[in-house]
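Visitor: Turn this into a structure:
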Amino acid sequence: MTKLLARNRALLACALGIALAAGCSTLRPTDPAKTKPPRLAHVLTADFGLAMISDIAFTPDGKYLLVSQLGGIARFDGHTFAAIDYRAVVHEGNFRGFPGRIAVSPDSRRVAYARIVQGKGNLPRMGEDVFIRDIETWEETQHLEMPGAVRAVPPPLKLGDRGSIYDMAYSPDGRHLAAGSDNAMVGVWEVESGKLVQGYGEHKDLMYRLGWLDDETIVSGQYPAHIWNIREPSKGSLLEGFNFFAVSPDGAWLCGEKPPVGVQILNRDSGRITSWRGLGYPTGAAFAPNGRSLAFACELSVYVVGVPEGRKLAQLVWLYIDGRGYHAGGHLQTIQHLGFSPDGRFLASASGEGKVLIWDVADLTR
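Guide: Numbering: from 1, shown residues only. The predicted model follows:
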């Protein structure tokens, strides 16, 4: 606990601008005639009618790439990216099943998701329950219910509302699953028993993203982000003005968006900050498995940078303009989802238009 508190103090110093800053780099547009971006290895599109993609995730053993989309979850081979099958999600009301964000267990056996349900006025919304299924058999193993709101913020939230789940993640040891909701709550369950062990209600806004720093410490939320221990949540700390995106595999670095700077990474121990400005609004990030590279998306572009020095390694430009007009090379909608394969060789990206791009980035993640 002493080490945790020391790390939290370092991060708090970062948020207040007290700690050492490594500078802020502006990442300019890449001239396609002067650079050779990582090789586009695969484009996954219509094998299962991919549409309205809501998340992507490699299984930690590298066996599968899972694509959450309208209707269910598609499985692709994690090495060849050949289509394998499609696992439908049970229909809810008049809507096709839509699993939303997903989380894969560290042992690669289970996938957790929250599905779209029919809301007020026949409009779809994210559900308030988490479902866990066996990836191989598709058998449902757990059904977890989100705890009700403990405060009536943000409006029109009311006390007790269970809200809509927007993100979830397994702890590194696989014993716990955490889920965040737009009722400003984070629920934490024991995976095997399904017992709710913590309902964290200190957020004052929608809870879009969360991650685990270690087996008992969570970072969650936006403006500010919260860092807290599931056993002693009252002893947490805040990252003011910080919108959490991702955490490095060893828990040493946090990545997020901090206006007006752009994308930032913060070191938990030293308090070091490295920042970048990309083209457009930051929308997501993912660390390479070895923690030495970071990919982040700014609308239609993805950048790969070194950690911690901040050196730009590559810029993947999906849509750019030159003297001859527009050139489309990939996503035509905002890129929301990024993920590295467990061996660090491939980077997958996805957006809402129903396309997953697989880039060979082995030379950037060694």
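
Visitor: just checking, what packs against the helix or strand where W189 lies?
Guide: Using DSSP states H and E, W189 sits in strand 186-190. In terms of contacts (3 or more C-beta pairs under 8 Å, 6 or more residues apart in numbering; DSSP states H and E), strand 186-190 is packed against strand 140-145, strand 176-181, strand 196-200, strand 217-220. Every residue, glycine included, has its C-beta placed from N, CA and C.

Visitor: Can you show me the CA trace of the shortest one as CSV?
Guide: Yep, that's strand 217-220 we're talking about. Extracted in CSV, the C-alpha atoms of strand 217-220 (Å, rounded to 0.1, in the frame of the first residue of the first chain):
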residue,chain,number,x,y,z
THR,A,217,-5.8,-1.1,-8.5
ILE,A,218,-8.1,0.5,-11.1
VAL,A,219,-7.9,3.7,-13.1
SER,A,220,-11.2,4.9,-14.5
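
Visitor: mean confidence score for the strand holding W189?
Guide: Per-residue pLDDT over strand 186-190 has a mean of 95.

Visitor: Partner strands of it, with direction?
Guide: When pairing is defined by DSSP bridges, strand 186-190 lines up against strand 176-181 (antiparallel), strand 196-200 (antiparallel).

Visitor: picking up where we left off before, want to throw the helices and strands packed on strand 186-190 into TSV with mean pLDDT and distance to D250?
Guide: Formatted as TSV, the helices and strands packed on strand 186-190 follow (pLDDT from 0 to 100; distance: least, C-beta to C-beta, whole Å):
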stretch	mean pLDDT	distance to D250
strand 140-145	92	28
strand 176-181	94	18
strand 196-200	94	24
strand 217-220	96	13
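
Visitor: Using TSV, lay out the ones you listed together with mean neighbour count and distance to F131.
Guide: Formatted as TSV, the helices and strands packed on strand 186-190 follow (neighbours: other C-beta atoms under 10 Å; distance: least, C-beta to C-beta, whole Å):
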stretch	mean neighbour count	distance to F131
strand 140-145	15	6
strand 176-181	25	11
strand 196-200	17	15
strand 217-220	25	21
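
Visitor: how about the ones you listed in JSON lines, adding distance to A114?
Guide: Listed next are the helices and strands packed on strand 186-190 as JSON lines, based on distance: least, C-beta to C-beta, whole Å:
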{"stretch": "strand 140-145", "distance to A114": "9"}
{"stretch": "strand 176-181", "distance to A114": "7"}
{"stretch": "strand 196-200", "distance to A114": "15"}
{"stretch": "strand 217-220", "distance to A114": "16"}
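
Visitor: Among those strands, which comes closest to T80?
Guide: In terms of C-beta to C-beta, the element of the helices and strands packed on strand 186-190 nearest to T80 is strand 140-145, at 28.2 Å.

Visitor: Mind listing residues that contact the closest one?
Guide: If you take C-beta atoms under 8 Å, 6 or more residues apart in numbering as the criterion, strand 140-145 is touched by 110, 112, 128-134, 162, 177, 179, 187, 189, 191, 194, 196.

Visitor: circling back: can you mark which positions in the strand holding W189 are buried?
Guide: V186, G187, V188, W189 (16 or more other C-beta atoms under 10 Å).

Visitor: How about stretch 353-360?
Guide: G354, K355, V356, L357, I358, W359.

Visitor: first vs last residue of stretch 286-295, how far apart are they?
Guide: The straight-line separation of the ends of stretch 286-295 (C-alpha to C-alpha, to the nearest Å) is 5 Å.

Visitor: how far out from the middle of the chain is it?
Guide: 13 Å (C-alpha atoms, centre = their mean, to the nearest Å).

Visitor: where does S105 land on pLDDT?
Guide: 98.

Visitor: Test my guess that it contacts V191.
Guide: Yes. The pair S105 and V191 qualifies as a contact (C-beta atoms under 8 Å) at a distance of 7.3 Å.

Visitor: so what sits against both of those two?
Guide: Y170, G174.

Visitor: just to revisit the earlier point, which stretch among the helices and strands packed on strand 186-190 comes nearest P60?
Guide: strand 176-181 (14.8 Å).

Visitor: The closest one to strand 140-145, inter-axis angle?
Guide: 50 degrees (axes from the mean of the first three to the mean of the last three C-alpha atoms, to 10 degrees).

Visitor: mind saving the C-alpha coords of strand 176-181 as PDB?
Guide: Provided in PDB are the C-alpha atoms of strand 176-181 (Å, rounded to 0.1, in the frame of the first residue of the first chain):
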ATOM      1  CA  HIS A 176     -11.900  -9.900 -11.000                       C
ATOM      2  CA  LEU A 177     -13.900  -8.200 -13.700                       C
ATOM      3  CA  ALA A 178     -14.600  -4.400 -13.600                       C
ATOM      4  CA  ALA A 179     -17.300  -2.600 -15.600                       C
ATOM      5  CA  GLY A 180     -18.000   1.100 -15.900                       C
ATOM      6  CA  SER A 181     -21.400   2.700 -16.700                       C
END
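
Visitor: Skip the chain neighbours and tell me the closest residue to R110.
Guide: For R110, ignoring the flanking residues on the chain, the nearest one in space by C-beta to C-beta, 6 or more residues apart in numbering is I132 at 5.3 Å.

Visitor: between the helix or strand hosting the one you found and strand 140-145, how big is the angle?
Guide: Element membership for I132, per DSSP H and E: strand 129-134. Angle, strand 129-134 to strand 140-145, by the same axes, to 10 degrees: 170 degrees.

Visitor: Determine the set of other helices and strands touching strand 129-134.
Guide: Strand 129-134 packs on strand 110-113, strand 140-145, strand 165-170, strand 176-181, going by 3+ C-beta pairs under 8 Å, 6+ apart.
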